[in-house]
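**Q** can you look at this prediction? I've put the sequence above it.
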Amino acid sequence: MITQPLFIYNTLTRKKEEFKPINAPFVGFYVCGPTLYSDVHIGNCRTFTSFDIMFRYLLHLGYKVRYVRNITDVGHLEDEVAGEGEDRIGKQARIKQLEPMEIVQRYSFGFREVMALLNTLPPSIEPTASGHIIEQIEMTQRIIDNGLAYVEDGNVYFDVEKFAKTNNYGVISGRSLEDQLDNTRELDGQQEKKGRLDFALWKKAKPEHIMRWNSPWGEGFPGWHIECSAMSTKYLGEQFDIHGGGMDLIPTHHTNEIAQSVGCCGKTPVNYWVHTNMLTLNGQKMSRSLGNVFLPVELFTGKKLADNSPSATPSQAVLEGKHPLFEKAFSPMAVRFFMMQTHYRSTLDFSNEALQASEKGYERLMEAYKTLLGLTAGANFGEAIDIKALQQKCYDAMNDDFNTSVLIANLFEAVRIINSCNDKKTNLSQSDIDLLKLIFDNFVFDIMGLKREEENNKANAVLDKVMDLVLEMRTKAKADKNFTQSDLIRDKLVEAGVTIKDGKEGTSWKL
Ligand code: AMP
Ligand code: ZN
């Protein structure tokens, strides 16, 4: 384990603090996952990629991390601030005439595939809200028993003003109760709430509501915030180390999560709250409700990983991002690199020019790695280069609140040294070369999670051509009635792990 101190910006204290896990080397890490009523967009991907870097860095430091990222499949209503309106997944189920879980299943496949294309590591546990109804009911009951929630006509509300008498309700948003009260509108039809900031822990289901469960308060469904309190407590305990999510979740979702956990267990649930800033388009937050979203498939180029998504439209094997706003498609790795060039707490504006510049940067980095693999140690040492100091600077950047932007600047210093050595302007010793390789292996591949995509793509392109040739030979053998030959080709392909399928439009194949 590397013992250098890691500093993390904590939204709770609004400063960078040294990271000290409750029970090292174990780290409990919870991130609010997506609500899967549609495809995740590039903005969501930025948030999950940022947390992937943190997960990877903690692992690199030797921590044993339990990374829990939930899937919201119930309770996230259309007006998420007021907690009113139709359930987002229920609405899609109604429109598409599908079961709500069919909606979630479909977009879960897509989400996991996009995450894999971006080379994010899967979380240790990916719990769903609907799979934890009992835990949410139990937590709600404990909050009622503690006198901080009340039942009204089949609904259970959290009593914010009562809670705020002995606790700081705005601890994470930095807003006073008065300010929040002044800026919250009174909604029609919510007279049963005692206070306008009160939020639902459990909601009574209207007759047309699809997703419903029995509870001590009648048939209904959980509020949006309680799922994260219930699932984080279940898998990480009443107090754990890190909780993350996008900054947009601070004022309502995370404010209420803290209130619920404190209201239930009497303890502050999380030591370090970490929030990612938004990906924007022309300065405006990318969001499904604003309709300004880019889907990864509209942007990515390359091979899809799986072809087994239950989506309604037949999934293609190859991605050819064709969004009209973009001159060309980009590889997922170029997009990942683009995201890491900006620190996770700054906004990141998405544009053609920025992506093109990042693609060039990513290619320069990969090119330098190839050059590094071919470098030989020099005999006479002119310029003294301290690669060890460079390695330390890379750690310093990551230890300073996961500053990938500064890390990349240091990696480009490594690129400069590699190219200069290759041009015979600088001499490197074998131990320097080995250390540079270690820097690349650790920081570029393990921590930033970049892959040498260009090479994979080249290999894929060659394989495509070879397969076209083999299938053509098989078709010809069949046409010549040489079935021994055509069967042999098929059997040998199967042996090599290639499945082929004959259809009306010809023969297709997959690995
Ligand atoms: P949702 O599915 O809307 O609940 O969002 C899932 C996660 O993505 C949350 O942590 C959001 O904060 C985050 N998110 C949503 N929009 C953006 C955006 N434009 N940029 C970065 N993160 C976002
Ligand atoms: Zn959450």
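**A** All right, it came through fine. Ligands and ions are numbered 1, 2, ... in the order given.
**Q** and the gap between E17 and ligand 2?
**A** Here E17 is placed at a distance of 22 Å from ligand 2 (CB to the ion, to the nearest Å). No exception for glycine: its C-beta is placed from N, CA and C like everyone else's.
**Q** and that residue, that one's in a strand?
**A** Yes. With DSSP: H, G, I helix; E, B strand; the rest coil as the criterion, E17 is located in a strand.
**Q** domains in this protein, by residue range?
**A** Annotated domains of the chain cover 7-276, 302-447, 455-510 [automatic domain parsing].
**Q** beta-bridge partners for the residue of the stretch 301-450 of the chain found nearest ligand 1, please?
**A** Ranking the residues of the stretch 301-450 of the chain by distance to ligand 1 (CB to the nearest ligand atom) places L348 first, at 7.7 Å. Applying DSSP bridges to L348 yields these beta-bridge partners: L279.
**Q** low pLDDT regions in the stretch 51-200 of the chain?
**A** Counting by pLDDT under 70, the low-confidence segments of the stretch 51-200 of the chain come to 75, 186-190.
**Q** and the residue of it nearest ligand 1?
**A** When distances are taken as CB to the nearest ligand atom, the stretch 51-200 of the chain approaches ligand 1 most closely through T72, which lies 6.2 Å from it.
**Q** then the chain?
**A** Residue nearest to ligand 1 within the chain: G246 (1.9 Å; CB to the nearest ligand atom).
**Q** what count of nearby residues applies to that residue?
**A** Counted with other CB atoms under 10 Å, residues neighbouring G246 total 23.
**Q** can you tell me the average pLDDT over the helix ranked longest in the chain?
**A** Longest helix in the chain by number of residues (criterion: DSSP state H): helix 453-479. Helix 453-479 shows a mean pLDDT of 80 in the predicted model.
**Q** ok, stretch 269-285 next?
**A** The predicted model assigns stretch 269-285 a mean pLDDT of 95.
**Q** can I get that stretch as PDB, trimmed to CA atoms?
**A** Listed next in PDB are the C-alpha coordinates belonging to stretch 269-285 (Å, rounded to 0.1, in the frame of the first residue of the first chain):
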ATOM      1  CA  PRO A 269     -24.000   8.500   7.300                       C
ATOM      2  CA  VAL A 270     -21.000   9.600   5.200                       C
ATOM      3  CA  ASN A 271     -17.600  11.100   5.900                       C
ATOM      4  CA  TYR A 272     -16.700  12.400   2.500                       C
ATOM      5  CA  TRP A 273     -19.400  13.600   0.000                       C
ATOM      6  CA  VAL A 274     -18.000  13.900  -3.500                       C
ATOM      7  CA  HIS A 275     -19.800  15.700  -6.300                       C
ATOM      8  CA  THR A 276     -19.000  15.900 -10.000                       C
ATOM      9  CA  ASN A 277     -19.800  18.900 -12.000                       C
ATOM     10  CA  MET A 278     -22.000  18.900 -15.100                       C
ATOM     11  CA  LEU A 279     -21.200  18.200 -18.700                       C
ATOM     12  CA  THR A 280     -22.700  21.100 -20.700                       C
ATOM     13  CA  LEU A 281     -23.600  21.800 -24.200                       C
ATOM     14  CA  ASN A 282     -23.200  25.500 -25.200                       C
ATOM     15  CA  GLY A 283     -23.000  26.200 -21.500                       C
ATOM     16  CA  GLN A 284     -26.300  24.500 -20.600                       C
ATOM     17  CA  LYS A 285     -26.500  21.300 -18.600                       C
END
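**Q** can we start the residue count at 42 from this point?
**A** Done: numbering now begins at 42, and the last item shifts to stretch 310-326.
**Q** how about it against ligand 2, any contact?
**A** No. Judged by CB under 5 Å from the ion, stretch 310-326 and ligand 2 are separated, with a smallest distance of 11.5 Å.
**Q** would you mark the buried spots in that stretch?
**A** Using 16 or more other CB atoms under 10 Å as the test for burial, stretch 310-326 gives 310-322, 326.
**Q** what about ligand 1: which of the residues you listed touch it?
**A** Contacts with ligand 1 are made by T317, M319, L320, K326 out of those, judged by CB under 6 Å from any ligand atom.
**Q** all set, thanks.
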